[in-house]
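[1] what follows is a predicted structure for the sequence shown.
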Amino acid sequence: MNIEEIKKWITKANPNESIIYYTGHLAEERDKIEIRKMADAFWIAAQQKKIDLFQKKIKEGNPNHKPIYEYIARRLKSERKKSNPIH
């Protein structure tokens, strides 16, 4: 996903909707600029309390291979603006 697609998903996603934004071993692969930018965009949105981030191990590692994870973002419920009652 590029930055614009990430922003669009965060804006349009329904509360509790999830997306797998990366599959692999992110800590080992962040040296690639596209991967780092994508991960950073999700991290910033999480810091802004727009999404939660978590990961799920889908393949065990061994001495020759790193484990494989799915990196998942879940849209948080947005705060509703308080409406002004009509008097």
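    Happy to help now that I have it.
[2] Validate this expectation: A45 resides in a helix.
    Yes. The assignment for A45 by DSSP: H, G, I helix; E, B strand; the rest coil puts it in a helix.
[3] hang on, isn't N16 packed against I72?
    No. Between N16 and I72 there is no contact under Cβ atoms under 8 Å: 11.9 Å. The C-beta positions use only the backbone N, C-alpha and C, and glycine is treated the same way.
[4] of those two, who's got more company?
    For N16 versus I72, neighbours defined as other Cβ atoms under 10 Å are more numerous around I72 (18 against 10).
[5] which ones are touching G61?
    Neighbour list for G61: P67, I68 [criterion: Cβ atoms under 8 Å, 6 or more residues apart in numbering].
[6] for stretch 70-78, buried residues please.
    Residues of stretch 70-78 classed as buried by neighbour count (16 or more other Cβ atoms under 10 Å): Y71, I72, A73, R75, L76.
[7] Throw those into JSON lines and include secondary structure, thanks.
    Shown next, in JSON lines, are these (three-state DSSP):
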{"residue": "Y71", "secondary structure": "strand"}
{"residue": "I72", "secondary structure": "strand"}
{"residue": "A73", "secondary structure": "strand"}
{"residue": "R75", "secondary structure": "strand"}
{"residue": "L76", "secondary structure": "coil"}
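[8] give me the nearest residue to T23, chain neighbours excluded.
    E70 (5.3 Å; Cβ to Cβ, 6 or more residues apart in numbering).
[9] that neighbour reaches K56, doesn't it?
    Yes. Counting by Cβ under 8 Å, K56 is a contact partner of E70 at 4.8 Å.
[10] please, which helix or strand holds W9?
    Using DSSP states H and E, W9 falls within helix 3-12.
[11] worst mean pLDDT across the helices and strands of the chain, which element?
    helix 26-29 (a mean of 90; mean pLDDT, DSSP states H and E).
[12] which strands and helices sit next to it?
    For helix 26-29, the elements it packs on are helix 33-47, judged by 3 or more Cβ pairs under 8 Å, 6 or more residues apart in numbering; DSSP states H and E.
[13] packing partners for the helix it packs on?
    So helix 33-47, by 3+ Cβ pairs under 8 Å, 6+ apart, packs with helix 3-12, strand 18-24, helix 26-29, strand 51-59, strand 68-75.
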